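Participant: take this sequence and fold it.
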Amino acid sequence: MATTYILDLRPTDEFNNVHLPGAHNIPFNEIDFENLPFKPNQDVMVYCRGRLCGYADCVGKELKAKGYKRVSVFNHSVAEWQNEKATK
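Facilitator: Residues are numbered from 1 along each chain as shown. Okay, the predicted model is just below:
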């Protein structure tokens, strides 16, 4: 079984600074829904800058509309993820 494809929609400079482990960067303005690097039956988790950024929701909805059934949206920022990790 394929692992979850973690899609980071932030600009490349932000991704290069810090990102979730195993994430792949495709900035929001560079998404090509016809040539995605993951399969329609693969688990995909999309994130951007957190709950105030709507890009992850938009891309998640578009992926589902295109037949990607196993899509989740992580509506937290990388900083929130780091803070949560640090408190454990």
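
Participant: now what about the helix or strand harbouring His24, what contacts it?
Facilitator: Element membership for His24 (DSSP states H and E) is strand 23-25. Outside strand 23-25, the residues that touch it by CB atoms under 8 Å, 6 or more residues apart in numbering are 5-8, 10, 12, 15-16, 19, 37, 47. C-beta here means a position set from N, CA and C on the backbone, and glycine is covered the same way.

Participant: how about a cut-off of 6 Å?
Facilitator: 6, 8, 12, 15 (CB atoms under 6 Å, 6 or more residues apart in numbering).

Participant: helices or strands next to the lengthiest helix in the chain in the packing?
Facilitator: Assignment by DSSP state H gives helix 55-65 as the longest helix of the chain. Helices and strands touching helix 55-65, as assessed by 3 or more CB pairs under 6 Å, 6 or more residues apart in numbering; DSSP states H and E, comprise strand 44-47, strand 71-74.

Participant: how much space between the residue nearest the centre of the chain and Ile6?
Facilitator: Residue closest to the average C-alpha location in the chain (CA atoms, centre = their mean): Val46, at 2.3 Å. Val46 is 8 Å from Ile6, where distance means CB to CB, to the nearest Å.

Participant: quick check: beta-bridge partners of Leu7?
Facilitator: Listed by DSSP bridges, the beta-bridge partners for Leu7 are His24, Val46.

Participant: check which residues of the helix or strand of the chain with the lowest mean pLDDT are buried.
Facilitator: Within the chain, no helix or strand scores below helix 78-86, which has a mean of 74 by mean pLDDT, DSSP states H and E. Within helix 78-86, the residues that count as buried by 16 or more other CB atoms under 10 Å are 78, 81.

Participant: re the thing from before, most neighbours among the contacts of strand 23-25, please name it.
Facilitator: When neighbours are counted by other CB atoms under 10 Å, Asp8 leads these with 24 neighbours.

Participant: where in this structure is pLDDT low?
Facilitator: 1-2, 85-86, 88 (pLDDT under 70).

Participant: mind doing that once more with 80?
Facilitator: 1-2, 76-77, 79, 81-88 (pLDDT under 80).

Participant: distance to Glu62 added to the contacts of strand 23-25, as CSV?
Facilitator: Formatted as CSV, the contacts of strand 23-25 follow (distance: CB to CB, whole Å):
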residue, distance to Glu62
Ile6, 17
Asp8, 16
Thr12, 21
Phe15, 20
